[in-house]
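Colleague: Give me the fold of what follows.
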Amino acid sequence: MHKRGWYRTVTVAAWIGLALSGLVWPSMVSAAEQRVPLRVAIHVHSTASTGTLSLEALAVRAEQQGLDAIVLSDNFSLEYEYGLQPLPGLVKKTVGYPSVLSYGVERYLTEIQSVQARHPQLVIVPGVEVAPYYYWTGSLRRGDLTMRDAQRNLLVLGLTKAEDFRALPARGNPASFTVDGASLVNAAPLLLAVPALFLWKPIGGARRTVAACCLVLAVATLVNAWPLGTPPFSSYESQLGYRPYQALVEVANQRGAVVLWSMTEARDLQSHAFGPLGTVTVRTDAHPEALALTSGYAGFGGLYQDTRTITAAGGLWDQLIQAHRGTALSVVPTMIGEIAFHGLADKGKDLDRVVTTVFAKERSVAGVLDAIRSGHAYAAAEGDHRVMLTLDELSLGCDCDRPSVGIGEHVVLSSGAHAVATVRLSARDGKAHPVTLRLIRSGEIIGMTKAETPVQYQLADTAPVPDAGAYYRLEVVGQSGELLTNPIYVDAPAKERG
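Modeller: This next block holds a predicted model:
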């Protein structure tokens, strides 16, 4: 047990006494009475982009696994190009993969509506995964050409109109391109039509052959240069930092979307051979600093099947929470779990391997998105033994007459009151599995216990809430699985005027 001067654990007898006093059981948590728990798979790809299951097949599988909702995150655009200087827009190589733009935005939205109508008990949240910008370093001549940050992604959720998708500023979205001087250069092949028409008029096979060659060259060059517009951010500028990502967040917010940073500590490193063009490296490094260098996004992927550090006690997430609380900054970034599901052929992947449980006011797309945005959610991932943990209760009460509140809620404690956190945890299979629970208070581990499921645990704070307030969140780890919650916030009462 981690001990500090201000904290102590409550004895079993005290726990029973508090439970009997009506402070901790879920039926007494006012927030829980107004919200329903929904098990959600977030970050799901279909055959509209890089997934191997159709939307219909995804819906069927989600229902078979007892999920209440799936949040789609099909790739918005997967078209990449490299052009040779000084005319990168004209002399270029383009490579594309299936995406929502190539599938058709209207077709994608219509298909979601059709599948939703056939599966009314499953909430299907439309969404796309967007990498708004990538840039090139190195060169073909030196053999070190590298495309960077092609997997630095944001999830844009909840858009339902095609025009909203087309407004997203992204490198592969022609609808977001502008017309400028570079666009005119890309259209320069049209000038070949002038000599072609001049040569075509006189009668003579040789001249018409030259004219035909000019026209063919003009058309071929235009096709290769298409689209002629200029992207919102150039792939040949390496010093743009997070400007492209901030621009995407702001436009998506204006259109009513919920924006989440996706798997910021995941890495990607691949090499691809392009024949005479040589080998191209594709590289995306971990970028947790994105959470601090951008604003206006609703949350981030904090639990997924990869190495993570930002959710550790005192880490970047805690620093962001404390920086945002009590200021005019944007809302506190909330945490979700990401499965990044592409298909059953991927080892260790299935829709229910990483689940975010949201506490929604209603069973709908709006209800799911509102719960994510407001932090009424926790995430759980299966461990080595394919065990999924379930949080039966995380509530915060006190030794006073205040009712307990749950995840994502705020409570104001009266002067001199002591906060009491209560945890009840079990495994979905109902069996005993070893776990380690850590209760984190404002970035600091104040209580830790090792036990077997089902677990009942309680911690009382012997010191009053600081003037700046506090927050509590829970972390559970073990071979039996992993679980991470969003905070419960304790707001200190306003000081009495003298």
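
Colleague: Go ahead and list the helix or strand containing residue 248.
Modeller: According to DSSP states H and E, residue 248 maps onto helix 243-254.

Colleague: Not counting that helix itself, show me its contacts.
Modeller: 130, 132-133, 152, 154, 156, 159, 167-171, 232-233, 259, 290, 294-297 (C-beta atoms under 8 Å, 6 or more residues apart in numbering). Every residue, glycine included, has its C-beta placed from N, CA and C.

Colleague: Show the buried residues in those.
Modeller: Among the contacts of helix 243-254, those buried by neighbour count (16 or more other C-beta atoms under 10 Å) are 130, 132-133, 152, 154, 156, 159, 167-171, 232-233, 259, 290, 294, 297.

Colleague: Which ones among the contacts of helix 243-254 lie within helices?
Modeller: The helices, defined by DSSP state H, take in residue 290 from the contacts of helix 243-254.

Colleague: Surely residue 35 is in contact with residue 362?
Modeller: No. Using C-beta atoms under 8 Å, residue 35 is not in contact with residue 362; the gap is 9.1 Å.

Colleague: These two: who's more crowded?
Modeller: residue 35 (20 against 14; other C-beta atoms under 10 Å).

Colleague: Now the more buried one: closest residue in space that isn't a chain neighbour?
Modeller: Counting by C-beta to C-beta, 6 or more residues apart in numbering, residue 359 is the residue found nearest to residue 35 once chain neighbours are left out, at 3.9 Å.

Colleague: What residues are bridge-paired with that neighbour?
Modeller: Beta-bridge partners recorded for residue 359 (DSSP bridges): residue 37.

Colleague: who are the neighbours in contact with it?
Modeller: Listed by C-beta under 8 Å, 6+ apart, the contact partners of residue 359 are 31, 32, 35, 36, 37, 38, 371, 376, 377, 406, 407, 408.

Colleague: Could I get the pLDDT score of the second one?
Modeller: Spelled out, it's residue 32. Looking at residue 32, its pLDDT is 44.

Colleague: ditto for the fourth one
Modeller: The predicted local confidence for residue 36 comes out at a pLDDT of 95.

Colleague: isn't it right next to residue 368, touching?
Modeller: No. Using C-beta under 8 Å as the test, residue 36 is too far from residue 368 to be in contact (10.7 Å).

Colleague: Settle it for me: which of the two has more neighbours?
Modeller: Neighbour tally, residue 36 and residue 368, criterion other C-beta under 10 Å: the higher count belongs to residue 368, 28 against 14.

Colleague: Lowest-scoring secondary structure element of this structure by mean pLDDT?
Modeller: strand 7-9 (a mean of 33; mean pLDDT, DSSP states H and E).

Colleague: which stretches of the stretch 1-150 of the chain aren't confidently modelled?
Modeller: Residue ranges of the stretch 1-150 of the chain with pLDDT under 70: 1-33, 84-92.

Colleague: so where do the helices sit in it?
Modeller: Assignment of helices within the stretch 1-150 of the chain using DSSP state H, counting those that start in this stretch yields the ranges 12-20, 30-33, 55-64, 100-103, 105-118.

Colleague: Chain neighbours aside, what residue packs nearest to residue 165?
Modeller: With C-beta to C-beta, 6+ apart, the residue lying closest to residue 165 is residue 105, at 4.8 Å.

Colleague: quick one: contacts for that neighbour?
Modeller: With C-beta under 8 Å, 6+ apart, residue 105 has these contacts: 162, 165, 166.

Colleague: Would you check how far apart it and residue 348 are?
Modeller: 32 Å (C-beta to C-beta, to the nearest Å).

Colleague: for residue 129, same thing?
Modeller: Distance from residue 129 to residue 348, by C-beta to C-beta: 20 Å.

Colleague: I'd assumed residue 320 was in contact with residue 332.
Modeller: Yes. Residue 332 lies in contact with residue 320 (C-beta under 8 Å); the separation is 7.3 Å.

Colleague: These two - which one has more neighbours?
Modeller: Legend: neighbour count by other C-beta under 10 Å for residue 332 and residue 320, higher for residue 332 (20 against 17).

Colleague: Sticking with the more buried one, tell me its helix or strand.
Modeller: Here residue 332, judged by DSSP H and E, is contained in no helix and no strand.

Colleague: give me the number of residues near the residue nearest to it when sequence neighbours are not counted?
Modeller: Counting by C-beta to C-beta, 6+ apart, the nearest residue to residue 332 once its immediate chain neighbours are dropped is residue 324, at 4.6 Å. By the criterion of other C-beta under 10 Å, residue 324 has 15 neighbours.

Colleague: returning to what we had before: between residue 129 and residue 348, which one's more packed in?
Modeller: Between residue 129 and residue 348, residue 129 has the larger neighbour count (other C-beta under 10 Å), namely 27 against 8.

Colleague: what is that one paired to in the beta sheet?
Modeller: According to DSSP bridges, beta-bridge pairing links residue 129 with residue 75, residue 155.

Colleague: now stretch 435-449: mean pLDDT?
Modeller: On average, the pLDDT along stretch 435-449 is 95.

Colleague: Repeat that for stretch 385-403.
Modeller: Taken as a whole, stretch 385-403 has a mean pLDDT of 86.

Colleague: Would it be right to say that residue 460 lies in a strand?
Modeller: Yes. According to DSSP: H, G, I helix; E, B strand; the rest coil, residue 460 belongs to a strand.

Colleague: pLDDT score for it?
Modeller: So, for residue 460, pLDDT stands at 88.

Colleague: That one and residue 368: what is the separation?
Modeller: To residue 368, residue 460 is 34 Å away according to C-beta to C-beta.

Colleague: now residue 234
Modeller: Distance, residue 234 to residue 368, using C-beta to C-beta: 37 Å.

Colleague: what does residue 63 give?
Modeller: Using C-beta to C-beta, residue 63 is found at 16 Å from residue 368.

Colleague: Please apply the same query to residue 482.
Modeller: Distance from residue 482 to residue 368, by C-beta to C-beta: 22 Å.

Colleague: what does residue 169 give?
Modeller: Counting by C-beta to C-beta, the gap from residue 169 to residue 368 is 26 Å.

Colleague: what does residue 409 give?
Modeller: Taking C-beta to C-beta as the measure, residue 409 falls 18 Å from residue 368.

Colleague: go on, residue 123?
Modeller: Per C-beta to C-beta, residue 123 is found 6 Å from residue 368.

Colleague: hey, what's in contact with both of these two?
Modeller: Jointly contacting residue 123 and residue 368 under the rule C-beta under 8 Å, 6+ apart are 38, 40, 69.
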